[in-house]
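Engineer: This is the structure alone, sequence omitted:
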């Protein structure tokens, strides 16, 4: 619902993965999953750009967006596919425009790469399940979270990746780490936020993804069974993570309307 006299705020999802059959059937596509997690009906509009299919926003339209979200992907963030190189150029442009960019999983990694960091295969192999993150940076120093309720010292998040950030870009601040990954979250100023895990994922989405990884030979049956059994014994801190992401993307919008 648009508030009278308020300018519509535009956001874009840069989708770096194809919609799975399961997500299309249950959620109508990944776009709906992201909008459900990060969007609100308060005078905003979300656009979808399937960058994995070489669909990008026009450069002269970038100024009209408040923020961008880069999704996860089965592709390697360090790959040299045309659309990945084009995405890196777009992310560099958005950085210099000081547009807000939230990178999730592959998005976190490709954002790091575009801004001068290093990414590659994870030293500890696949990380699949609900992972406990240790917060090592005081979030209150960031203006986008300065009046948010206290962030706990540890957060649980759904993970599914075999690549990772080896080295954050120069000038980046590492916000969270885990026992498996040295850069779980990083920021650059108040307009760049990278998160290795999936704050937007539900456990059923991950469960189906485990099945698909098993069926295509990416993981072994014992590993898949163990990941699934642990998945149902743990709960991600989705609400807190969604609040962090939404506040990062649109603090002014939420503050004006008394949200969070």
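Structural biologist: Thanks, I have it. The structure displayed is predicted, hence computed values, not measured ones.

Engineer: now for the lowest-mean-pLDDT helix or strand in the chain, which elements pack on it?
Structural biologist: Using mean pLDDT, DSSP states H and E, helix 238-256 stands out as the lowest-scoring helix or strand of the chain, at a mean of 77. If you count contacts as 3 or more Cβ pairs under 8 Å, 6 or more residues apart in numbering; DSSP states H and E, helix 238-256 packs onto strand 9-14, helix 30-38, strand 67-70, strand 100-104, strand 154-161, strand 192-195. Every C-beta, even on glycine, is put in place using the N, C-alpha and C of the backbone.

Engineer: just so I know, which of the ones you listed lies nearest residue 205?
Structural biologist: Closest to residue 205 of the helices and strands packed on helix 238-256, according to Cβ to Cβ: helix 30-38, at 7.1 Å.

Engineer: Name the residues of the closest one that are buried.
Structural biologist: 30-35, 37-38 (16 or more other Cβ atoms under 10 Å).

Engineer: host element of residue 91?
Structural biologist: Following DSSP states H and E, one finds residue 91 within helix 82-96.

Engineer: Show the model's pLDDT score for residue 167.
Structural biologist: Predicted confidence (pLDDT) for residue 167: 94.

Engineer: just for the chain, where's the confidence low?
Structural biologist: 1-6, 41, 138-150, 252-260 (pLDDT under 70).

Engineer: How far off centre is the helix holding residue 91?
Structural biologist: Between the centre of helix 82-96 and the centre of its host chain there is 16 Å, according to Cα atoms, centre = their mean, to the nearest Å.

Engineer: just to revisit the earlier point, can you put the helices and strands packed on helix 238-256 in a markdown table and add distance to residue 235?
Structural biologist: As requested, these are arranged in a markdown table below (distance: least, Cβ to Cβ, whole Å):
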| stretch | distance to residue 235 |
| --- | --- |
| strand 9-14 | 26 |
| helix 30-38 | 16 |
| strand 67-70 | 23 |
| strand 100-104 | 19 |
| strand 154-161 | 7 |
| strand 192-195 | 18 |
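
Engineer: Among these, which comes closest to residue 209?
Structural biologist: Closest among the helices and strands packed on helix 238-256, using Cβ to Cβ: strand 154-161, at 5.9 Å.

Engineer: who does the one residue sitting closest to the centre of the chain bridge with?
Structural biologist: The centroid of the chain falls nearest to residue 104 when counting by Cα atoms, centre = their mean (1.9 Å). According to DSSP bridges, the partner residues bridging residue 104 are residue 195.
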